[in-house]
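Novice: A predicted structure for the sequence below; I have some questions about it.
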Amino acid sequence: MPKNKIDFDSVREIGLTLPGVEAATMHGSPALKLRGALLACIPTHGSAEPDSIVVRVDPGNRAELLAEAPDAYYLPDHYVEYNAVLVRLSRVNRDVLKDLLRMAHKFLMRKATSRTAARKTRKRKPRA
């Protein structure tokens, strides 16, 4: 295998450098999770192309990725309802993959922070 070939081992190696990210599985397939939330995985749905990954992203970022590089990013109907985009690993390099996984990490951290803030706000409300 050529050294520069991107596969899920590359995804795992890069992803595990991010704070709080752990190797896991999703539907029996290799995945990366942040505090139990999916960050990236090998897709198991039949609409995904071989040698692809699913990466969690903000919907606005997803639209930008799809518009800027439709040869690298795609979105089958099955994944439309998820905050995710599919990535053709043969169309990205390690630097792009690093940026994408950082984007996913930042997205999940923001989601976790907003959930925590919402819980604290609910707890502070006085009871009638």
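Specialist: Sure thing, it's come through.
Novice: now the strands: where do they sit in the protein?
Specialist: 21-26, 29-34, 37-41, 52-56, 73-74, 84-88 (DSSP state E).
Novice: Any chance of these in TSV with distance to Arg102, mean neighbour count and mean pLDDT as columns?
Specialist: Every C-beta, even on glycine, is put in place using the N, C-alpha and C of the backbone. As requested, those are exported to TSV (distance: least, Cβ to Cβ, whole Å; neighbours: other Cβ atoms under 10 Å; pLDDT from 0 to 100):
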stretch	distance to Arg102	mean neighbour count	mean pLDDT
strand 21-26	11	15	98
strand 29-34	12	20	98
strand 37-41	11	22	97
strand 52-56	11	25	98
strand 73-74	16	20	98
strand 84-88	14	22	98
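Novice: For Thr74, which non-adjacent residue is spatially closest?
Specialist: One thing to correct before we go on: residue 74 is Tyr, not Thr. Leaving aside its sequence neighbours, Tyr74 sits nearest to Leu86 (Cβ to Cβ, 6 or more residues apart in numbering; 5.2 Å).
Novice: wait, Ile6 sits on Arg91?
Specialist: No: with contacts counted by Cβ atoms under 8 Å, Ile6 stays clear of Arg91, the gap being 9.0 Å.
Novice: between those two, who's got more neighbours?
Specialist: Ile6 (21 against 16; other Cβ atoms under 10 Å).
Novice: on that earlier part again, same list, the strands of the chain, but as CSV with distance to Met103 please.
Specialist: Below are those laid out as CSV (distance: least, Cβ to Cβ, whole Å):
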stretch, distance to Met103
strand 21-26, 13
strand 29-34, 13
strand 37-41, 10
strand 52-56, 8
strand 73-74, 12
strand 84-88, 10
